[in-house]
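K.L.:
everything below, folded, please.
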Amino acid sequence: MSRSDRPSEAKDAVAALVEELPPAPAQEKALEDFLPPPALRAGSGMRSARLVDTFGRRATVVLRGEDTPIDVEIDAEVDAVVVQAALENGDRVMVEPDERGELSVVGVLQCRRPEKLKIMAETVEIEAEREVVFRSGKSALRLREDGEIDLVGSRISAASRGLFRLVGRMLRLN
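P.N.:
Alright, predicted model coming up:
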């Protein structure tokens, strides 16, 4: 046998082995099983979304650029009351995938100046170095750093359910 016959014999032997092997098992998982959820395929980072509804620690959102509403979890670090207020104000939320690829609401976006601003907390503290001014139309309240307080209005009313006390070194009425 010449050297030139050996490669063809080797090819024949390999072909015979391949024919004897059992067929490869069918792929159990489709390609879709390895892709991220459809909502994340356009980008796996943080995305903005429009709120449709909230219920407990979950929300229904529509991701920017998409039409289909999806249900997502509200992250444990986000107060559900804040998300509910965002729904009422028409504000958007930020959603982010977790380690499993499931989206959750991680923040609220304020997109415009609100018509009404409601602040709710146990304590509200407003502090300024020089002065604080509250103004609406023709009325104003100014608190200055030196302790001077100006209250201006076309009609000022004060009432007390108990003792109403005015104390000062000097009181001047008109």
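K.L.:
how many neighbours does the closest residue to Gln110 other than its chain neighbours have?
P.N.:
Using C-beta to C-beta, 6 or more residues apart in numbering and skipping the chain neighbours, the partner closest in space to Gln110 is Asp91 (5.6 Å). Bear in mind the C-beta positions are built from the backbone N, C-alpha and C, glycine included. For Asp91, the count of nearby residues is 18 (other C-beta atoms under 10 Å).
K.L.:
ok, now which ones touch Asp91?
P.N.:
Counting by C-beta atoms under 8 Å, 6 or more residues apart in numbering, Asp91 touches Leu51, Ala85, Val108, Leu109, Gln110, Cys111.
K.L.:
next, Ala15: secondary structure please.
P.N.:
helix (DSSP: H, G, I helix; E, B strand; the rest coil).
K.L.:
still on that earlier bit, of all the contacts of Asp91, which comes closest to Thr123?
P.N.:
Ala85 (19.0 Å; C-beta to C-beta).
K.L.:
where does that closest one land in three-state SS?
P.N.:
Going by three-state DSSP: Ala85 is helix.
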